[in-house]
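Engineer: sequence unknown, structure follows:
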């Protein structure tokens, strides 16, 4: 009762006649409660000053450090149909072991002798190419011979022209001599006629000189004819030289045309040879793809295509294999607000699904069942879940991870930060402040 009334009830009514009040009036249970409350308050105040390890928690799964050690699906590079399975789920296979045999589904590759026939076509084209090369060599030799013969013919024609010019020069000299001779004969004839008129020479002498003059005139005409003939021979020799050059130019041009045609055909044949070689290599490679082999040692996890005669597309998964030798790691995700606090090389505690553990987030020293890890990679791009991906590797200074771990198992990660009092951690969370930031170097100095 508050006892604020001027007429208190306990003075007007006697409580002794009530047996229930008499039984509980003198009890001291509230004193024990007060003591327990005071003790709890003291313990709570002491706990507020206990050290608390700040941490960043995350959830992830077990994976591997090397991409080649992760479970992989086996695909066929070509579309086909399953003809025979040579393994079953759970089998251990080695690298290069045949897993299944498939067959073609495209009509272009139904011929079982396709590679052999393509090889025969390739050999025929190679022989044809050799024949074209021989023709090219023959035409090249023919061009060389024509050029050499042209040089000889032109040299002969040049010699004939030179001889004709010399003959013209010789005939010109003889013509001048004939002119001189006829001039002398004319003078002698005139002198004999004059002496005959004076009676000093006989008529016979006049007739002889006249005959000699006529002979000289005839010789002059003959010499003029020879000179004209010699000049005509010069023109004929020059014309012959031009004719030889034109004739051999036509022959050389025809041979060059044949040579270029042969070279063009040889190049086209070489292109066809390259195409056939490419086709032959593709057919040979495609033939080897009819047997799906294991890319590495491992166990067959799951078969995606069942039965015989089932068709599939190129690149479609057929089965999956898990490698035998793996380096375990854990991939976990953290919030963007915690991203600046994470550095490569920092230590992280990991709790694996299926392994018993007692975890006190703030007191890792008294936790049990967690394993040590350290950060080896931080993804720079945010993931689809709105968090950043972190890759953890086993800590070599801590006890090893369980050998029975499998890729894909769940894991909870706790990244350890600074040690602070509990009251500070509560105050930080109430105010929404981030954890204490520190670097690996400062942590090493503190240790």
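Structural biologist: Looks like it came in fine. Since the model is a prediction, treat every value here as computed from it, not as a measurement.
Engineer: show me where the protein has strands.
Structural biologist: Assigned by DSSP state E, the strands in the chain fall at 51-64, 72-75, 80-85, 92-93, 98-103, 291-293, 298-303, 311-312, 317-323, 328-334, 347-352, 371-378, 388-394, 410-421.
Engineer: Run through the neighbouring helices and strands of the second one.
Structural biologist: Meaning strand 72-75. For strand 72-75, the elements it packs on are strand 317-323, judged by 3 or more Cβ pairs under 8 Å, 6 or more residues apart in numbering; DSSP states H and E. For every residue, glycine as well, the C-beta is placed using N, CA and C.
Engineer: which residues touch the strand it packs on?
Structural biologist: 68-76, 87, 93, 99-100, 292, 294-305, 312, 407 (Cβ atoms under 8 Å, 6 or more residues apart in numbering).
Engineer: Next, format the strands of the chain as JSON lines and append mean neighbour count.
Structural biologist: Shown next, in JSON lines, are the strands of the chain (neighbours: other Cβ atoms under 10 Å):
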{"stretch": "strand 51-64", "mean neighbour count": "19"}
{"stretch": "strand 72-75", "mean neighbour count": "16"}
{"stretch": "strand 80-85", "mean neighbour count": "16"}
{"stretch": "strand 92-93", "mean neighbour count": "16"}
{"stretch": "strand 98-103", "mean neighbour count": "18"}
{"stretch": "strand 291-293", "mean neighbour count": "17"}
{"stretch": "strand 298-303", "mean neighbour count": "17"}
{"stretch": "strand 311-312", "mean neighbour count": "16"}
{"stretch": "strand 317-323", "mean neighbour count": "19"}
{"stretch": "strand 328-334", "mean neighbour count": "22"}
{"stretch": "strand 347-352", "mean neighbour count": "22"}
{"stretch": "strand 371-378", "mean neighbour count": "18"}
{"stretch": "strand 388-394", "mean neighbour count": "21"}
{"stretch": "strand 410-421", "mean neighbour count": "18"}
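Engineer: Looking at residue 54 now. What's its pLDDT?
Structural biologist: Looking at residue 54, its pLDDT stands at 61.
Engineer: how's the chain carved up into domains?
Structural biologist: Domain assignment of the chain by automatic domain parsing yields the ranges 53-68+326-446, 71-104+290-323, 114-288.
Engineer: So what would you say the end-to-end distance of the last one is?
Structural biologist: As for domain 114-288, its first-to-last residue distance stands at 13 Å under the measure Cα to Cα, to the nearest Å.
Engineer: so how far is that domain from its chain's centroid?
Structural biologist: Centroid separation for domain 114-288 versus its chain: 61 Å, with Cα atoms, centre = their mean, to the nearest Å.
Engineer: quick one on the thing from earlier: can you tell me which of the strands of the chain has the worst average pLDDT?
Structural biologist: In terms of mean pLDDT, the lowest-scoring of the strands of the chain is strand 410-421 (a mean of 72).
Engineer: one step back: lowest mean pLDDT across the domains of the chain, which one is that?
Structural biologist: Lowest mean pLDDT within the domains of the chain: domain 53-68+326-446, at a mean of 75.
Engineer: How much space separates residue 240 from residue 160?
Structural biologist: According to Cβ to Cβ, to the nearest Å, residue 240 stands 7 Å off from residue 160.
Engineer: same thing with residue 403?
Structural biologist: From residue 403 over to residue 160 the distance is 106 Å, taken as Cβ to Cβ.
Engineer: quick one: which of those two has more around it?
Structural biologist: Using other Cβ atoms under 10 Å as the criterion, residue 403 and residue 160 rank with residue 160 on top: 17 against 6.
Engineer: Quick check: closest non-adjacent residue to that one.
Structural biologist: Among residues not flanking residue 160 along the chain, residue 237 sits closest, at 4.3 Å (Cβ to Cβ, 6 or more residues apart in numbering).
Engineer: Touching, the one you found and residue 168? I think so.
Structural biologist: No: contact between residue 237 and residue 168 fails when scored by Cβ atoms under 8 Å: they sit 10.8 Å apart.
Engineer: circling back: got the strands of the chain as JSON lines, with distance to residue 204 columns?
Structural biologist: Listed next are the strands of the chain as JSON lines, based on distance: least, Cβ to Cβ, whole Å:
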{"stretch": "strand 51-64", "distance to residue 204": "143"}
{"stretch": "strand 72-75", "distance to residue 204": "133"}
{"stretch": "strand 80-85", "distance to residue 204": "129"}
{"stretch": "strand 92-93", "distance to residue 204": "140"}
{"stretch": "strand 98-103", "distance to residue 204": "129"}
{"stretch": "strand 291-293", "distance to residue 204": "129"}
{"stretch": "strand 298-303", "distance to residue 204": "141"}
{"stretch": "strand 311-312", "distance to residue 204": "134"}
{"stretch": "strand 317-323", "distance to residue 204": "137"}
{"stretch": "strand 328-334", "distance to residue 204": "146"}
{"stretch": "strand 347-352", "distance to residue 204": "154"}
{"stretch": "strand 371-378", "distance to residue 204": "142"}
{"stretch": "strand 388-394", "distance to residue 204": "144"}
{"stretch": "strand 410-421", "distance to residue 204": "155"}
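Engineer: Contacts only, for residue 334.
Structural biologist: Residues near residue 334 by Cβ under 8 Å, 6+ apart: 56, 58, 342, 387, 388, 390, 415.
Engineer: Report the contact partners of the second one.
Structural biologist: Pointing back at residue 58 there. 332, 333, 334, 387, 390, 412, 413, 415.
Engineer: go with 6 Å
Structural biologist: Residues counted as contacts of residue 58 (Cβ atoms under 6 Å, 6 or more residues apart in numbering) are 332, 333, 334, 413.
Engineer: how near is the last one to residue 374?
Structural biologist: Relative to residue 374, residue 413 is positioned 11 Å away (Cβ to Cβ).
Engineer: Now distance to residue 36 too, for the domains of the chain, in a markdown table please.
Structural biologist: Below are these laid out as a markdown table (distance: least, Cβ to Cβ, whole Å):
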| stretch | distance to residue 36 |
| --- | --- |
| domain 53-68+326-446 | 22 |
| domain 71-104+290-323 | 58 |
| domain 114-288 | 83 |
